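1. task: produce atomic coordinates for the following.
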Amino acid sequence: MLRLDRRRVVAVSIAVLVVVAGVVIVTRSSPQDHNPFAGRDLFVWSGSAAAAAADRASGTDAADLEDLADTPTAVWLTPEAHGPDTIGSFVEDVLAGADGRAVVLVVYGITDRDCVGEESQGGLVPGLYTIWVRTIAAALSGTVAVVLEPDALATVEECSNPAERYALLHEAVAAFHDRATVYLDAGHSNWIEPQVMAERLQRSGVEDARGFSVNVANYQTDADELAYAEQIREVVPEAHYVVDSGRNGAGSTDDWCNPPGRTLGVRPAAVDDDSALDARLWIKPPGESDGTCHGGPAAGQFWLERALELADGKRE
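-> Residues are numbered from 1 along each chain as shown. Okay, here's the model as predicted:
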């Protein structure tokens, strides 16, 4: 967590009794105070599209898809798949298999969601979005990291109601604060200037989150993303961050939508070196389309040829 206040009286994950003037006060640390990935295995969801594709494949294709399916990857929550009436039970079902491992969930349903790229249009109206987020939060258990609304801050000033979006993100951070470790999405190094992004993070309540995520669903190199994240931290120095390394093994061509010739990046793992980098993660599932470009299906759909291309490039 970024702001020193009464919630950070202790830096341990158990309750501590503090006696002040004869009064016993129980204080608890927040999920924002600790790297949720340190010392834990990462969760592999058996219900992923890659797992389903691996079950149908054979030969070399099967081996590549099984490798994708066995690599810890974030589970995306969208209202199109699970609205307010079903999202709680879905989250509970996913988390039931976690068995102490760290789970990464991506919350992706904000109002006027993809107002710029228009490949992932949708989202919920503000009232329903708040209900949806609170329902997700109520269903959480165990060690969970929430990556909050990819691209929402990178595009906020181009959307129809920036003030509304900032408010919704701030409310979402508050809803998850005591239930999960929160990383507000901060775009990537080839998009928004770090100073500008830092100010947008501040307007969205980053001081009450663990920090931010970078490179979600993009292809920028680890080196560029680490430099970008550290520039953001010049403004919000107590923020920690995670990097999406799922598809950045060959770097970026400045084409964000299914660029050809890309490869898988480094495997997801915690970083426990006293830096502000908490983990490298596979947040956007490799093999899922960015949109209807370069022959791809709709955004978010599993694209077999794309998955195999990414895996083949890594073998080379």
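2. mind giving me the domain split of this structure?
-> 1-31, 35-315 (automatic domain parsing).
3. now render these as TSV, adding mean neighbour count and mean pLDDT.
-> All C-beta spots, glycine's among them, are computed from the backbone N, C-alpha and C. Below are the domains of the chain laid out as TSV (neighbours: other C-beta atoms under 10 Å; pLDDT from 0 to 100):
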stretch	mean neighbour count	mean pLDDT
domain 1-31	12	46
domain 35-315	20	96
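4. residue 87 contacts residue 134, correct?
-> No. Residue 87 lies out of contact with residue 134 (C-beta atoms under 8 Å); the separation is 10.2 Å.
5. pick out the residue closest to the middle of this protein.
-> Geometric centre of the chain, nearest residue: residue 147, 2.7 Å, by C-alpha atoms, centre = their mean.
6. for that residue, what is the enclosing helix or strand?
-> strand 144-148 (DSSP states H and E).
7. put the alpha carbons of the helix or strand just after that strand into PDB.
-> Counting by DSSP H and E, the next helix or strand C-terminal to strand 144-148 is helix 162-176. Provided in PDB are the C-alpha atoms of helix 162-176 (Å, rounded to 0.1, in the frame of the first residue of the first chain):
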ATOM      1  CA  PRO A 162     -13.300  10.700 -18.000                       C
ATOM      2  CA  ALA A 163     -14.600  11.800 -14.600                       C
ATOM      3  CA  GLU A 164     -17.000   8.900 -14.400                       C
ATOM      4  CA  ARG A 165     -14.200   6.400 -15.300                       C
ATOM      5  CA  TYR A 166     -11.800   7.800 -12.700                       C
ATOM      6  CA  ALA A 167     -14.600   7.500 -10.100                       C
ATOM      7  CA  LEU A 168     -15.500   4.000 -11.100                       C
ATOM      8  CA  LEU A 169     -11.800   2.900 -10.800                       C
ATOM      9  CA  HIS A 170     -11.500   4.600  -7.400                       C
ATOM     10  CA  GLU A 171     -14.600   2.700  -6.200                       C
ATOM     11  CA  ALA A 172     -13.300  -0.600  -7.600                       C
ATOM     12  CA  VAL A 173     -10.000  -0.100  -5.700                       C
ATOM     13  CA  ALA A 174     -11.900   0.500  -2.500                       C
ATOM     14  CA  ALA A 175     -14.100  -2.600  -3.100                       C
ATOM     15  CA  PHE A 176     -11.100  -4.900  -3.500                       C
END
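8. let me know the angle separating helix 162-176 from strand 144-148.
-> Angle between the axes of helix 162-176 and strand 144-148 is 180 degrees (criterion: axes from the mean of the first three to the mean of the last three C-alpha atoms, to 10 degrees).
9. would you map the helices across the stretch 101-250 of the chain?
-> Using DSSP state H, counting those that start in this stretch, the helices of the stretch 101-250 of the chain run over 126-139, 162-176, 194-203, 222-233.
10. want to throw these into CSV with distance to residue 57?
-> Formatted as CSV, those follow (distance: least, C-beta to C-beta, whole Å):
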stretch, distance to residue 57
helix 126-139, 32
helix 162-176, 36
helix 194-203, 40
helix 222-233, 30
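11. among those helices, which is nearest residue 75?
-> The closest of these to residue 75 is helix 126-139. By C-beta to C-beta, the value is 11.3 Å.
12. and the closest one, what does it pack onto?
-> Using 3 or more C-beta pairs under 8 Å, 6 or more residues apart in numbering; DSSP states H and E as the contact test, the elements touching helix 126-139 are helix 87-95, strand 103-107, helix 162-176.
13. outside of it, which residues touch it?
-> 77, 79, 83-84, 87-89, 91-92, 95, 105, 107, 109-111, 123-124, 164, 168, 171-172, 175-176, 179-180 (C-beta atoms under 8 Å, 6 or more residues apart in numbering).
14. pull the CA atoms of that helix into PDB?
-> The C-alpha coordinates for helix 126-139 follow below in PDB (Å, rounded to 0.1, in the frame of the first residue of the first chain):
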ATOM      1  CA  PRO A 126     -22.000   2.500 -14.000                       C
ATOM      2  CA  GLY A 127     -24.600   1.200 -11.500                       C
ATOM      3  CA  LEU A 128     -24.300  -2.400 -12.700                       C
ATOM      4  CA  TYR A 129     -20.500  -2.100 -12.900                       C
ATOM      5  CA  THR A 130     -20.400  -1.200  -9.200                       C
ATOM      6  CA  ILE A 131     -22.600  -4.100  -8.300                       C
ATOM      7  CA  TRP A 132     -20.600  -6.500 -10.500                       C
ATOM      8  CA  VAL A 133     -17.300  -5.400  -8.900                       C
ATOM      9  CA  ARG A 134     -18.700  -5.700  -5.400                       C
ATOM     10  CA  THR A 135     -20.000  -9.200  -6.200                       C
ATOM     11  CA  ILE A 136     -16.500 -10.200  -7.400                       C
ATOM     12  CA  ALA A 137     -15.000  -8.800  -4.200                       C
ATOM     13  CA  ALA A 138     -17.400 -10.600  -2.000                       C
ATOM     14  CA  ALA A 139     -16.600 -14.000  -3.700                       C
END
